[in-house]
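Novice: Build me a structure from this.
(chains A and B)
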Amino acid sequence: SQQGEEDPQALSIQEGENATMNCSYKTSINNLQWYRQNSGRGLVHLILIRSNEREKHSGRLRVTLDTSKKSSSLLITASRAADTASYFCATVERETSGSRLTFGEGTQLTVNP
Amino acid sequence: NAGVTQTPKFQVLKTGQSMTLQCAQDMNHEYMSWYRQDPGMGLRLIHYSVGAGITDQGEVPNGYNVSRSTTEDFPLRLLSAAPSQTSVYFCASRERRDTGELFFGEGSRLTVL
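Specialist: Residues are numbered from 1 along each chain as shown, chains lettered A, B, ... in the order given. This is a model prediction of the structure:
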């Protein structure tokens, strides 16, 4: 079963605009991670936010986490054509040995030049 | 470091054939895992390992075997391929057995006829 659900499924914007993707999950989590996947490639880790954190920044990325609503958002500011990719959220329920990341289905972002 | 290396990148099998997808990492990571990615399904965990000699099942283990004789290698075996196993397979590792970011290979695209 999928823990995270991304919204929207697809997003198309112009270069320079901001892109916001949302992720909702069902159970309590220890941390939530965002990954990026370029077409035909493996996933690349972007950012990890823990359940006791509300916001985190990394370059042009801003991630928020609302544990009361069981949701997270990923904001990419001043988007570039090179940001075109699929973006996935993944959740970790408990940090135990072998703890699993459960992935959502992803948001396909297209940034038009 | 090469990171996570998967071979082969592409493979076509006939129903009933067997094969092994290879995965190697050179980062001395404790945790290794196999995911499959299907359209509309996100990534689903097949098997994982928290160290040499230790493996466990994920969400969709049926039809697959794994072993972890060394820290570096984590092969995935399909014993009798079925069309339902047509998918893109990703190997991923992380430094610690309990938490942290996953490092992904580039994927192996398998088609079962």
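
Novice: and chain A, which of its residues are near chain B?
Specialist: A:1-2, A:4, A:30-31, A:33, A:35, A:40-45, A:48, A:88, A:90, A:92, A:95-106 (CB under 8 Å from any CB of the partner chain). C-beta: built from backbone N, CA, C; applies to glycine.

Novice: repeat that with 7 Å
Specialist: Those residues of chain A that sit near chain B, judged by CB under 7 Å from any CB of the partner chain, are A:2, A:33, A:41-43, A:45, A:48, A:88, A:92, A:95-101, A:103-106.

Novice: Of these, keep whichever come out buried.
Specialist: A:2, A:33, A:42-43, A:45, A:48, A:88, A:92, A:98-101, A:103-106 (16 or more other CB atoms under 10 Å in any protein chain shown).

Novice: So which of those residues belong to strands?
Specialist: Mapping these onto strands (DSSP state E) picks out A:33, A:43, A:45, A:48, A:88, A:92, A:103.

Novice: May I ask which two of those are separated the most?
Specialist: Greatest spatial distance in these: A:Leu43 and A:Val92, 15.1 Å, computed using CB to CB.

Novice: Where does pLDDT dip in chain A?
Specialist: Counting by pLDDT under 70, chain A contains low-confidence ranges at A:1-4.

Novice: Now the residue of it most remote from its centre: closest residue in space, sequence neighbours ignored.
Specialist: Within chain A, A:Ser97 marks the point farthest from the mean C-alpha position, 23.7 Å out by CA atoms, centre = their mean. Of all residues not flanking A:Ser97 in the chain, B:Arg97 sits nearest, at 4.8 Å (CB to CB, 6 or more residues apart in numbering or on different chains).

Novice: residues in contact with that neighbour?
Specialist: By CB atoms under 7 Å, 6 or more residues apart in numbering or on different chains, the residues touching B:Arg97 are A:97-98, B:30-31, B:50-51.

Novice: The residue farthest from the centre of chain A is in contact with B:Asp98, isn't it?
Specialist: Yes. Using CB atoms under 7 Å, A:Ser97 is in contact with B:Asp98, at 5.4 Å.
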